[in-house]
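**Q** I need the structure of the sequence given here:
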Amino acid sequence: MYEVEAKFRVPDVNEFQHRLHCFGCPPFGSAVEETDWFFAHPSKDFRQSDECLRLRCRFYPNGETERFLTYKGPKIDSQTKTRKEIEIQIPDSESTEQLLTALGFRQAAAVRKYRQRTQAVVEGREIEITLDVLPDLPEAVRTFAELETMSVESEWESGKALILDIAAELGLTESVRTSYLHLCGTSEPPR
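**A** Below you'll find the predicted structure:
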């Protein structure tokens with residue numbers, strides 16, 4: 001599967017939420033804290049190959065926690081962050097981290113954010129829309145929206161066109177292709 005994703009700065013959250021309401025999206029859910037740990041490969045430089053291996057912990061306000069291990073391949077498009085994605089839900093992060101370390105991976109960096117989600121179904125496609133706040137960035141530049149859909153390899157271009165059309169309709173104009181990892185000034189240390 002391919003994750004077809006575009007990310008945008010959100011200068012005015014209230015205006016963005018108003019446009020989402022007019023677009024027919026349900027209101028955002030409660031903010032969920034997410035911490036992403038990124039791992040360095042033992043024999044490949046992910047910075048050069050434009051890949052990543054991430055362990056995500058999602059902490060819900062009710063005390064529940066979800067954990068995911070995600071591989072993201074190189075971006076295949078110059079306008080969006082479209083890439084192959086393989087994600088599995090895992091029972092606990094500690095044993096997964098121990099397994100990765102035993103295989104030669106090492107923890108390279110972490111990023112923390114608060115994420116709210118909503119969704120829309122447009123042209124038969126489920127579109128996830130998130131509002132992300134990165135507390136470690138200056139207030140003026142810490143809020144982003146991501147629009148995402150999943151596609152099989154042969155349909156990612158139509159997914160991309162749809163995502164970009166929705167972004168335009170929502171008034172999202174400042175596209176950001178840089179990862180949160182790099183926006184936070186964190187880059188993977190050399191092997």
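**Q** contacting residues for the residue nearest in space to the middle of the chain?
**A** For the chain, the residue nearest the mean C-alpha position is Glu146 (7.0 Å; Cα atoms, centre = their mean). By Cβ atoms under 8 Å, 6 or more residues apart in numbering, the contact set of Glu146 is Glu5, Ala6, Lys7, Phe8, Glu128, Ile129, Thr130, Asp132. No exception for glycine: its C-beta is placed from N, CA and C like everyone else's.
**Q** any idea how far the longest strand seen in the chain is from the chain center?
**A** Identified as the longest strand of the chain according to DSSP state E is strand 106-122. Centre-to-centre, strand 106-122 and its host chain are 5 Å apart (Cα atoms, centre = their mean, to the nearest Å).
**Q** May I have that strand as CSV, with CA atoms only?
**A** Output of strand 106-122 as CSV, limited to C-alpha atoms (Å, rounded to 0.1, in the frame of the first residue of the first chain):
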residue,chain,number,x,y,z
ARG,A,106,19.7,1.9,17.1
GLN,A,107,17.4,4.6,18.4
ALA,A,108,18.4,7.8,16.6
ALA,A,109,15.8,10.5,17.5
ALA,A,110,12.4,11.1,18.9
VAL,A,111,9.6,13.6,18.0
ARG,A,112,6.5,14.4,20.2
LYS,A,113,3.3,15.9,18.9
TYR,A,114,-0.4,16.3,19.8
ARG,A,115,-2.7,15.1,17.1
GLN,A,116,-6.4,15.5,16.5
ARG,A,117,-8.2,13.5,13.8
THR,A,118,-11.2,13.8,11.6
GLN,A,119,-12.1,12.1,8.3
ALA,A,120,-14.1,12.5,5.2
VAL,A,121,-15.1,10.2,2.4
VAL,A,122,-14.7,11.8,-1.0
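**Q** What is that strand packed up against?
**A** Contacts defined by 3 or more Cβ pairs under 8 Å, 6 or more residues apart in numbering; DSSP states H and E place strand 106-122 against strand 32-40, strand 125-133, helix 156-169, helix 180-183.
**Q** tell me the angle of it relative to strand 32-40?
**A** In terms of direction (axes from the mean of the first three to the mean of the last three Cα atoms, to 10 degrees), strand 106-122 departs from strand 32-40 by 130 degrees.
**Q** Let me see the mean pLDDT of strand 106-122.
**A** Taken as a whole, strand 106-122 carries a mean pLDDT of 95.
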